[in-house]
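> model the structure of this input:
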Amino acid sequence: MPALGEGPPPDERLEGLYRAHAGQVLGPLIRMLRDFDAAEDALHEAIVVALERWPRDGEPDNPVAWLLTVARRRALDRARREARRGPKEEEAARRDVTTLRRIRPRSWKRSTWTPSPMTSSD
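Next comes the predicted model:
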């Protein structure tokens, strides 16, 4: 098999890599994560990493195991980030509300306009 850095353009390499290995990697990821979308996202991330690293380092002896390992680690990293994010976001929202109540001008109390958390500054 030619090195990924040679030969077809990146789009074709990505498609070839996906077609060659997705079925063998996606099944175990779905069983592990019990979530098809999360498994597919992790597989896509692993393929992107492969496209970055394999041209430089060469394709591993067992590409399926390599993709599965990277995808599993990416999925676990994402799950850990999301688990930490929940409590942190709740605490930040409480602090924001408390701060707004303290610094809110008196004129806001008389106004019919109320700030919405969904408005953006764009």
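> let me see the mean pLDDT of the host helix or strand of Trp66.
Counting by DSSP states H and E, the element that carries Trp66 is helix 63-103. Helix 63-103 comes out with an average pLDDT of 79.
> wait, doesn't Val25 sit right on Thr69?
No: Val25 is beyond contact range of Thr69, at 9.7 Å (criterion: CB atoms under 8 Å). C-betas here are computed from N, CA, C, even on glycine.
> of the two, who's got more company?
Each of Val25 and Thr69 has its neighbours counted (other CB atoms under 10 Å); Val25 has more, 25 against 14.
> against Ala38, how distant is the more buried one?
Here the criterion is CB to CB, to the nearest Å. By it, Val25 lies 13 Å from Ala38.
> pull out the buried positions in stretch 65-72.
Taking 16 or more other CB atoms under 10 Å as the neighbour-count basis, stretch 65-72 is seen to contain the buried residues Trp66, Leu67, Leu68, Val70, Ala71, Arg72.
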